[in-house]
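Trainee: Structure of the sequence below:
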Amino acid sequence: MLENDALVDVSFLGDARALHAPRTAAAKKVCRQLRSYFANPRHSFRVSLTLSGTAFQQRVWRALRRIPAGRTLSYGALARKLATSARAVGNACRANPIPIVIPCHRVVAANGAGGFMGKRSGSALRLKHRLLEHEHAG
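Mentor: Next up is the predicted model:
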């Protein structure tokens, strides 16, 4: 979703949802950027973002954008870099409104994938695995 030509939210639609062509130049740019990422996982997003979150969440989200494609970092390792707790990092990841562009999928548990979009199983976790596989293959 865009507000004032800035990306504020990325939502994953179910298979039954009809897709609509982007109508504005900003929406077309976001779509091009996402297509570029799926063609080349090393793609660096260049879109305007408007992030609504606490100062702490925004600090975590900035750190997430510094994790390169094809790499992962554990919640604990990121927490140590930010002088906080792994649980706090996980909560900030869960609140991330712009997954993929802000790559919370690159943060994993010490003993597995961890969660994604507030879920620890099901379609959200399968999506996290697909995104990580996509980035490792690229």
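Trainee: The residue of the chain most remote from its centre: which element?
Mentor: For the chain, the residue at maximal distance from the C-alpha centroid (C-alpha atoms, centre = their mean) is residue 23, at 23.5 Å. Using DSSP states H and E, residue 23 is not contained in any helix or strand.
Trainee: separation between it and residue 102?
Mentor: 24 Å (C-beta to C-beta, to the nearest Å). Every residue, glycine included, has its C-beta placed from N, CA and C.
Trainee: Number of residues surrounding residue 45?
Mentor: For residue 45, the neighbour count with other C-beta atoms under 10 Å is 17.
Trainee: And for residue 27, nearest residue in space, chain neighbours not counted?
Mentor: residue 2 (5.8 Å; C-beta to C-beta, 6 or more residues apart in numbering).
Trainee: For residue 137, report the pLDDT, please.
Mentor: On the pLDDT scale, residue 137 is placed at 68.
Trainee: no wait, residue 119
Mentor: 75.
Trainee: count of neighbours near the residue nearest to it when sequence neighbours are not counted?
Mentor: Sequence neighbours aside, residue 125 is the residue nearest to residue 119 in space, at 6.1 Å (criterion: C-beta to C-beta, 6+ apart). A count of nearby residues for residue 125, using other C-beta under 10 Å, gives 18.
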